[in-house]
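Peer 1: Predicted coordinates and the sequence they were generated for:
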Amino acid sequence: MAAVATCGSGVGTTGSAVATASKSNVTSFQRRGPRASGTNDSGPRLVSIAGTRPSVRNGQLLVSTGLPALDQLLGGGLAIGTVLLIEEDKYNIYSPLLFKCFLAEGIVNGHTLLVASAKEDPANILQELPAPLLDDNSKKEFDEDVYNHKTPESNIKMKIAWRYQLLPKMEIGPVSSRFGHYYDASKRIPQELIEASNWHGFFLPEKISSVLKVEPCSLTPGYIKLLQFIQNIIYEERFDGSNPQKKQRNVLRIGIQNLGSPLWGDDICCAENGSNSHSLTKFLYVLRGLLRTSLSACIITMPTHLIQNKAIIARVTNLSDIVIGLESFIGSERETNPLYKDYHGLIHIRQIPRLNNLICDESDVKDLAFKLKRKLFTIEVDFIS
Amino acid sequence: VTLSEGARAGIGRELGMLDSLLSLGGLVLLRDSVEWEGRSLLKALVKKSALCGEQVHILGCEVSEEEFREGFDSDINNRLVYHDFFRDPLNWSKTEEALPGGPLGALRAICKRTDPGPITIALDSLSWLLLHLPCTTLCQALHAVSHQDSCPGDSSPVGKVSVLGLLHEELHGPGPVGALTSLAQTEVTLGGTKGQASAHILCRRPRQRPTDQTQWFSILPDFSLDLQEGPSVESQPYSNPHIPPVDPTTHLTFNLHLSKKEREAKDSLILPFQFSSEKQQALLRPRPGQATSHIFYEPDVYDDLDQEDPDDDLDI
């Protein structure tokens, strides 16, 4: 009892001292702002593009994936020049959401978008992007959401830890930083944001009208056209740095939906030893080459549950930089398992890259589950297994 | 989706999903097997859509035209547009009425039509097409056909297209079947027990959870659908029987619960570090301009407030 008393009085003194020091900041350390890189050669050439930040670990330039929780798991964000591969869930319900959050983040930050799909028209995909939560009204709704989710015991006035009563609750609300925004899955992005953005679409049925003969061991025509399209955009809009006089550099965000499905003309989902089973791996290799030499980041969703040859999945994993698998509980016996009743599925982080490093940025938690609440998609640590 | 289609789908949901299969549009996959054949269900659905006044096209590849038309009344037979690929699949007879481009060419020609209105295309069967055409080409053609109504480039208002495909799932490996089911909006798997046929219907709406239902039915000789209550009503075949939650606090050697008296005693316990509420509020409220720091000290019950220095007792 005496020990507690002395500890308490000690805390009392520092508490009031801190209270007098400054009202809003917890610490007196100040963050050094980024140096301005407006002029060409004065000072160090620090790239300051909207929506990017350098990684604190290895200095790579990172962009947000659209989900701040996912950014944290990947070590800060998606590095520019890398590929994020999402293995789709069985009924393709949650992977389009991650895809759209990535694109919406690009629109909010003013990046250029390139959307490629064989299933849906890219204009329709852009119409269905989620709306960003940017202002304080939405922050209030978000807090309400978090609050309702908590257990009722937290409402009791704290008796022992009463000093923490006035501290704000968990800092996971939408912050006004320029890296990583929260999105409302139930609302659509405002039309004016889409119109103000610069985007290119690639819809395969429009580009390929006739069935072409495919030689074995080469890329399918759909993939060739897509690679040529991407290369043209990178060259025309100077994402590869070929025109150094351009003042404001921007990032190209590429999104490819349902790569490897039969709609792209690839038969790895249909047969185990198809005639062009190397087409997808060649495509990924060439794509990564294009990405590494330009300021772009790419997200790809792939229906790996349909791929018949497991060796191809292993090759595809090796050829991508970050691989995330989504496993939804719909239709499986886990759906009715009471242990999983709060979640909609599991997230498996299958691979994280080692960029200019010897080790990769693994997070300590490996059991992650996701749930799609009424508005938000959250990723949480699953304490069950 | 217009209001009438939505209303029709709503009413259909009450009658059963089997009745409303065609109102959703898109690709409807009928998976049958040797024990539970699906051609009679296909013909029943064809008859239903013909009676609704829709245009019906049949791509007959597996059975002859006479066999397919058998059992239909003459007015239904007059409404069906039959494209025959059974008699001469490779077009060796080179007659004028042969359709160029094979079955896929016929599919594309049907879709290039200019008159609006809902249309139903029955593929008899998809298995035949899978065995004769590359799977990717077939998937691309089916996707183009079934998503035609959502194409924004067309100026003419094209009606809803439903494609009914009969698939014999025992003929194919998991690859093509998986590829086709990922394209399909609705998947009907035929099964049954003890002479009673059932259809397990899995409906995938875009961006929504798939809904499934098992419907027991029988087909009458004139190919009309008779929905029945089966021997066991299953609405969710994926759910396990509910396991009652086990209370982990039973059979413990110690007591985890508090009685009312114990709870009152706990609440009224004086904490060893007791502050009055005013001092608590004073500390919580940040005081601007407070230069000095205060020490608040309240004596504990065990504290000895003797002002003497205890070190005086030492003999040093």
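Peer 2: Thanks, I have it. Residues are numbered from 1 along each chain as shown, chains lettered A, B, ... in the order given.

Peer 1: pretty sure B:Asp222 contacts B:Asp73?
Peer 2: Yes. With contacts counted by C-beta atoms under 8 Å, B:Asp222 reaches B:Asp73, the gap being 7.5 Å. Bear in mind the C-beta positions are built from the backbone N, C-alpha and C, glycine included.

Peer 1: middle-most residue in chain B, spatially?
Peer 2: B:Pro210 (1.2 Å; C-alpha atoms, centre = their mean).

Peer 1: How about that residue, nearest residue that isn't a chain neighbour?
Peer 2: Excluding its sequence neighbours, the residue lying closest to B:Pro210 (C-beta to C-beta, 6 or more residues apart in numbering or on different chains) is B:Arg204, at 4.6 Å.

Peer 1: for A:Arg334, same thing?
Peer 2: A:Tyr340 (5.1 Å).

Peer 1: follow-up on the earlier one: can you tell me how far the residue nearest to B:Pro210 sits from B:Leu29?
Peer 2: B:Arg204 sits 11 Å away from B:Leu29, going by C-beta to C-beta, to the nearest Å.

Peer 1: Return every residue with contacts to both of those two.
Peer 2: Here B:Arg204 and B:Leu29 have B:184, B:186-187 as joint contacts, going by C-beta atoms under 8 Å, 6 or more residues apart in numbering or on different chains.

Peer 1: any idea which of these is closest to B:Gly195?
Peer 2: B:Glu187 (23.8 Å; C-beta to C-beta).

Peer 1: okay but the closest one is in contact with B:Gln213, surely?
Peer 2: No. Look at B:Glu187 against B:Gln213 with C-beta under 8 Å: they stay out of range, at 11.7 Å.

Peer 1: Redo the shared contacts of B:Arg204 and B:Leu29 as TSV? Include pLDDT, secondary structure and distance to A:Ile107.
Peer 2: Formatted as TSV, these follow (pLDDT from 0 to 100; DSSP: H, G, I helix; E, B strand; the rest coil; distance: C-beta to C-beta, whole Å):
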residue	pLDDT	secondary structure	distance to A:Ile107
B:Ala184	91	coil	32
B:Thr186	90	strand	34
B:Glu187	91	strand	35
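
Peer 1: show me where the stretch 201-316 of chain B has helices.
Peer 2: B:260-267, B:277-284 (DSSP state H, counting those that start in this stretch).

Peer 1: And the stretch 51-200 of chain B, by the same measure?
Peer 2: So, for the stretch 51-200 of chain B - with DSSP H, counting those that start in this stretch - the helices run B:65-69, B:74-79, B:102-111, B:126-132, B:135-146, B:174-183.

Peer 1: ok, now the stretch 201-350 of chain A?
Peer 2: Using DSSP H, counting those that start in this stretch, helices in the stretch 201-350 of chain A cover A:204-207, A:221-236, A:279-292, A:310-319.

Peer 1: okay, and the helix or strand of the chain with the least pLDDT?
Peer 2: By default, I'm working from chain A. helix A:2-21 (a mean of 41; mean pLDDT, DSSP states H and E).

Peer 1: Buried by neighbour count: which residues of whichever strand or helix holds A:Lys187 qualify?
Peer 2: Per DSSP states H and E: A:Lys187 is located in strand A:182-188. Neighbour-count burial for strand A:182-188 flags A:182-185 (criterion: 16 or more other C-beta atoms under 10 Å in any protein chain shown).

Peer 1: Just the mean pLDDT for it, thanks.
Peer 2: Average pLDDT, strand A:182-188: 86.

Peer 1: Can you give the strand pairings for it, parallel or anti for each?
Peer 2: strand A:130-133 (antiparallel) (DSSP bridges).

Peer 1: next structured bit after the strand holding A:Lys187?
Peer 2: helix A:191-196.

Peer 1: That next one close to chain B?
Peer 2: No. If you take C-beta under 8 Å from any C-beta of the partner chain as the test, helix A:191-196 misses chain B, and the best it gets is 14.9 Å.

Peer 1: now the closest residue to B:Gly102 other than its chain neighbours: how far from chain A?
Peer 2: Closest residue to B:Gly102 apart from its sequence neighbours, by C-beta to C-beta, 6+ apart: B:Phe85 at 7.4 Å. Using C-beta to the nearest C-beta, to the nearest Å, B:Phe85 is found at 19 Å from chain A.
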